[in-house]
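Visitor: Take a look and give me a structure for this.
(one chain, ligands or ions: 1)
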Amino acid sequence: MTLRIRDLPSPNQDDRPVGTPIDMLVLHYTGMRSGEEAIARLRDPAARVSSHYVVEEDGTVFRLVPEARRAWHAGISHWRGRTGLNASSIGIEVVNPGHDWGYRPFPALQMAAVCDLCLEILARHPIPAINLVAHSDIAPDRKQDPGELFDWEGLAANGVGLWPHDSAAMPAEAAAPALLAAIGYRTDLPLPVLLAAFQRHWRPARVDGVADAGTLARLAAIAALAAA
Ligand SMILES: [Zn+2]
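Guide: Next up, the predicted model:
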């Protein structure tokens, strides 16, 4: 499928710091009642927020900011020891009302467009698979998006991001903080907050912040993939 991309420029952008490589891809949901409302906000100078792309529920892709420029989507953010991730990332907003306005499944057409867009971006920039993250991964104390209904497993099956395969090793519960840190999460937040963020991405069937056996196995699996 060839993506058709419509340009709807946003003023909410600036230069990336000189010499900053683009090596992260951050997925969001819009969290507003409609795509139109979300796009209007992402183009409102007073809102001071934006993203590079918005993907509507029917699969239409809008480009608000050129990839070479910095969009303002991540806010205060941490991943793998780095902060201020707008500088080095591309942001995609996926239209969905989110947890505040009636969170609902992402339609197949929309996910297909997200997948194709990610594949095109990955072909243009050297982005490691572990750096394909949710907003909730890089701001676990503030954000839940794109949330547990987002089809990370389907994306990974198409070569976009990581998905845990069944791990033979079952780490002890005490290993959870070190595994979370090895994956890339900041370490200075309560463990249940970090575990819930991990589950929202990599164990969506159960987002409760508890290090049960299934969560521990997947933590070990993703940490191993992140180190590979
Ligand atoms: Zn977000």
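
Visitor: Find the centremost residue of the chain, please.
Guide: Geometric centre of the chain, nearest residue: Ala134, 2.2 Å, by CA atoms, centre = their mean.

Visitor: Which pLDDT value belongs to the residue nearest to it when sequence neighbours are not counted?
Guide: In space, and not counting its chain neighbours, Ala134 is closest to His201: 5.0 Å by CB to CB, 6 or more residues apart in numbering. In short, each C-beta sits where N, CA and C put it, glycine included. Turning to His201, the model gives it a pLDDT of 98.

Visitor: quick one: the residue nearest to the centre of the chain and Arg200 touch, right?
Guide: Yes. The criterion here is CB atoms under 8 Å, and Ala134 meets it with Arg200 at 6.6 Å.

Visitor: Overlap in contacts, the two.
Guide: Gly147 (CB atoms under 8 Å, 6 or more residues apart in numbering).

Visitor: Which positions in this protein make contact with the ion?
Guide: 28, 135, 145 (CB under 5 Å from the ion).

Visitor: So which of those wins on neighbours?
Guide: Tallying neighbours with other CB atoms under 10 Å puts His135 at the head of the residues of the chain next to the ion, with 26 neighbours.

Visitor: So what sits opposite the residue nearest to the centre of the chain in the bridge?
Guide: On the basis of DSSP bridges, Ala134 is bridged to Leu27.

Visitor: part of a strand, is the residue nearest to Ala134?
Guide: No. Counting by DSSP: H, G, I helix; E, B strand; the rest coil, His201 is not part of a strand but helix.

Visitor: Any figure for the gap between it and Leu27?
Guide: In this view, His201 and Leu27 are 9 Å apart by CB to CB, to the nearest Å.

Visitor: Before we go further, Phe198 is sitting in a helix, right?
Guide: Yes. With three-state DSSP as the criterion, Phe198 is part of a helix.

Visitor: wait, what's in contact with it?
Guide: Per CB under 8 Å, 6+ apart, neighbours of Phe198: 137, 180, 183, 185, 215, 218-219, 222.

Visitor: now it: how far from the ion?
Guide: 17 Å (CB to the ion, to the nearest Å).

Visitor: mind listing the helices for this structure?
Guide: Using DSSP state H, the helices assigned to the chain run over residues 35-42, 98-101, 108-124, 135-138, 152-157, 176-183, 191-202, 213-227.

Visitor: Which one of those lies nearest to Asp23?
Guide: helix 108-124 (10.8 Å; CB to CB).

Visitor: what's the model's confidence in the closest one, averaged?
Guide: Across helix 108-124, pLDDT averages out at 98.
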